[in-house]
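# please find the sequence and the predicted model below.
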Amino acid sequence: MDSLQNHFLVSMPSLKDTYFERSVIYLCEHNTKGAMGIMINRPSPILLDELLLQINVKDSTEKQHNAETKILLGGPVTPERGFILHTTQEGWKQSKVLTSELMLTTSQDILASLGSPKAPTEFIVALGASVWDRGQLEQELSDNSWLSIPAQHTLLFDVDYDTRWQHATQPLGFDAWQLSNQMGHA
């Protein structure tokens, strides 16, 4: 099995009327035990500043994030748990190196930095995760529910949330709306 870690899953048009309709998921982990990822294009109604106030993280006057920074819905599993996908930076508890450029941190210590100069250069804060049991993702890929493509840094951090699904397939030479609902195997 080839690992799809550091790939995007782009939902196919056949996933209409589901939680994952028009979603893009960054796969943080994929191995023989299953897969885990963070949906990167579904903003919640919660703003980062509101979350920081709710968990009693002091607000900094030297904000490095936009006051309108939204918290994303990372997936339906453990929606009360926070995940910070960020550019590599040492020193955080409970961090996992994903690539030479990306880390995933689940500890609260990083949240206090998000309004300060100590914050990672770029980050996404998500509540919940998208998780697949052993063989489940492979079956969904076989069923033509997802298109997998190598992750691109610009899609993670530079493209508006609302247009990430449309932009995800552009490096392949087509737009997501051009994907067919029909599946076939050569």
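Sure thing, it's come through. Numbering: from 1, shown residues only.

# for the nearest residue in space to Q89 that is not next to it in sequence, give me its contacts.
Nearest non-adjacent residue to Q89, counting by C-beta to C-beta, 6 or more residues apart in numbering: P120, 4.7 Å away. (Each C-beta comes from the backbone N, C-alpha and C, glycine too.) Contacts for P120 (C-beta atoms under 8 Å, 6 or more residues apart in numbering) come out as I84, H86, T87, T88, Q89, M103, I110, S113.

# so which strand or helix has the residue nearest to the last one when sequence neighbours are not counted?
The one in question is S113. Leaving out its chain neighbours, the residue that sits closest to S113 by C-beta to C-beta, 6+ apart is A119, at 4.6 Å. For A119, there is no host helix or strand (DSSP states H and E).

# from L72, how far off is A119?
Going from A119 to L72 by C-beta to C-beta, to the nearest Å gives 17 Å.

# count of neighbours near the residue nearest to S113?
Residues near A119, counting by other C-beta atoms under 10 Å, number 22.

# what packs against the helix or strand hosting L147?
Using DSSP H and E, L147 falls within strand 146-150. Judged by 3 or more C-beta pairs under 8 Å, 6 or more residues apart in numbering; DSSP states H and E, the packing partners of strand 146-150 are strand 7-11, helix 136-142.

# tell me which of these lies nearest to P45.
Smallest distance to P45 across the helices and strands packed on strand 146-150 (C-beta to C-beta): 21.6 Å, for strand 7-11.

# which parts of the helix-or-strand element of the chain with minimal mean pLDDT are buried?
Every helix and strand of the chain was ranked by mean pLDDT, DSSP states H and E. The lowest is helix 48-54, at a mean of 82. For helix 48-54, the neighbour count (16 or more other C-beta atoms under 10 Å) marks L48, D49, L51, L52 as buried.

# got those residues as a markdown table, with distance to K33 columns?
What follows is the buried residues of helix 48-54, written out as a markdown table (distance: C-beta to C-beta, whole Å):
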| residue | distance to K33 |
| --- | --- |
| L48 | 32 |
| D49 | 37 |
| L51 | 30 |
| L52 | 33 |
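
# quick one: the strands in the protein?
Under the criterion DSSP state E, strands of the chain are mapped to 7-11, 24-31, 34-39, 43-47, 70-73, 77-87, 95-97, 102-105, 123-133, 146-150.

# okay, these in TSV with mean pLDDT and distance to F174 next?
As requested, those are exported to TSV (pLDDT from 0 to 100; distance: least, C-beta to C-beta, whole Å):
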stretch	mean pLDDT	distance to F174
strand 7-11	96	11
strand 24-31	97	15
strand 34-39	98	22
strand 43-47	91	25
strand 70-73	94	25
strand 77-87	94	26
strand 95-97	92	32
strand 102-105	95	26
strand 123-133	96	24
strand 146-150	94	10
